[in-house]
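Chemist: What follows is a predicted protein model with its sequence.
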Amino acid sequence: MRATFHGDPAGEYPRDPDDARAAQRRMAGLVREEPVECSRASTVAGLDVSYAAGDTHLVAAAVVLSVPELGVVDSATVVAEPRFPYVPGLFAFREVPPLLEAVEALSVTPDVFVCDGFGLAHPRRFGLASHLGVLLERRTLGVGKSPFVGRADPPADARGSWSPLVDGDEVVGRALRTRSGVRPVYVSIGHRVDLDGASDLVLRLAPRFRSPEPIRHADRLSRDVLASRPSSPSSSA
DNA sequence: GCGACAG
DNA sequence: ATCTTGTCGC
């Protein structure tokens, strides 16, 4: 599929943290929430990035799965060099460029993109999932493994139980139990989805393990490619 | 000012 | 995220 933007539609790619935060404040207003039936998605893409020690290079992966079969129907990987350092809250500026390239390399356009990180559950309400959603103008949601902003009471032990993730006076996401007896994952809206639909989809995508299958596939693929290419950045499908 | 801080 | 073996437990 084809992406329309490669960076902040309002200007140059951020050169430092202050620029990046300003860009997030501008773009945050572009996020939309839509009350859709995410669970009716027939194809979902999982996105993830793996890094080489020393930050010499990275591998971004996009894997498309059919729903509800959860079979792999397409995938793409991109090897590149980090353009931005890791700074909590500015995570997207590290991963968005290579992820957009990986998404463009797909031959299938998925109905929803599942990102490894957050969307609205972010200091400026513009985490990775929202950032990608706005640039691609596609439905996205974020699934984090540890809370970033806000706090949530532990959900009941049964799979499917959840509790709201609250930051100040806002509900920015929810802690969702995808497996009983295992720590919950944190779901938040990326773009053009609603929290109920996003949570419902995540539960369908994680029938057995804590993390959604699309993300597990993207994680494994990016890790495998990283291991097979010890150095020299380039791209491949 | 201090601590915390997605991957 | 990554550096890293075995080990305890279901």
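Modeler: Now that the structure is in, tell me what you want to look at.

Chemist: Excluding residues flanking it in the chain, which one is nearest the residue positioned nearest the centre of chain A?
Modeler: Nearest to the mean C-alpha position of chain A, by C-alpha atoms, centre = their mean, lies A:Cys115 at 1.4 Å. Spatial nearest neighbour of A:Cys115, excluding adjacent residues (C-beta to C-beta, 6 or more residues apart in numbering): A:Ala129 at 4.1 Å. Where C-beta positions appear, they are placed from N, C-alpha and C, glycine not excepted.

Chemist: Any stretches of chain A with poor pLDDT?
Modeler: Low-confidence segments of chain A (pLDDT under 70): A:1-12, A:39, A:230-237.

Chemist: Would you state the helices of it in chain order?
Modeler: A:17-27, A:92-104, A:128-136, A:195-205, A:213-228 (DSSP state H).

Chemist: Check the offset of the shortest one from the chain's centre.
Modeler: For helix A:128-136, the distance from its own C-alpha centre to the chain's C-alpha centre is 8 Å (C-alpha atoms, centre = their mean, to the nearest Å).

Chemist: Is DNA strand C within reach of it?
Modeler: No. Applying C-beta under 7 Å from any atom of the strand, one finds helix A:128-136 separated from DNA strand C by no less than 12.2 Å.

Chemist: Quick one: residues in contact with that helix.
Modeler: Residues from elsewhere that reach helix A:128-136, judged by C-beta atoms under 8 Å, 6 or more residues apart in numbering: A:3-7, A:9, A:24, A:27-28, A:30-31, A:47, A:91-92, A:95-96, A:99-100, A:103, A:113, A:115-120, A:122, A:138-142, A:188-192.

Chemist: List buried residues within those residues.
Modeler: A:7, A:24, A:27-28, A:30-31, A:47, A:91-92, A:95-96, A:99-100, A:103, A:113, A:115-120, A:122, A:138-142, A:188-192 (16 or more other C-beta atoms under 10 Å).

Chemist: Mind checking which of these are in strands?
Modeler: Within those, membership in strands is found for A:47, A:113, A:115-116, A:139-142, A:188-191, as judged by DSSP state E.

Chemist: What residues does chain A have near DNA strand B?
Modeler: Contact residues, chain A versus DNA strand B (C-beta under 7 Å from any atom of the strand): A:48-49, A:51, A:86, A:88-92, A:116-118, A:122, A:127-129, A:142, A:144-148.

Chemist: swap the cut-off to 6 Å and go again
Modeler: By C-beta under 6 Å from any atom of the strand, the residues of chain A that approach DNA strand B are A:51, A:86, A:88-92, A:116-118, A:122, A:127-128, A:144-146, A:148.

Chemist: From DNA strand C, how far off is A:Asp116?
Modeler: Distance, A:Asp116 to DNA strand C, using C-beta to the nearest atom of the strand, to the nearest Å: 7 Å.

Chemist: Skipping adjacent residues, who's closest to that residue in space?
Modeler: A:Asp48 (4.7 Å).

Chemist: neighbours of the one you found, just the number please.
Modeler: When counting by other C-beta atoms under 10 Å, one arrives at 27 neighbours for A:Asp48.

Chemist: Bridged to it, which residues?
Modeler: A:Ala61 (DSSP bridges).

Chemist: ok, it - contacts?
Modeler: By C-beta under 8 Å, 6+ apart, the contact list for A:Asp48 reads A:60-61, A:116, A:215, A:218-219, A:222.

Chemist: what about 7 Å?
Modeler: Contacts of A:Asp48 were listed using C-beta atoms under 7 Å, 6 or more residues apart in numbering, and they are A:61, A:116, A:215, A:218-219, A:222.
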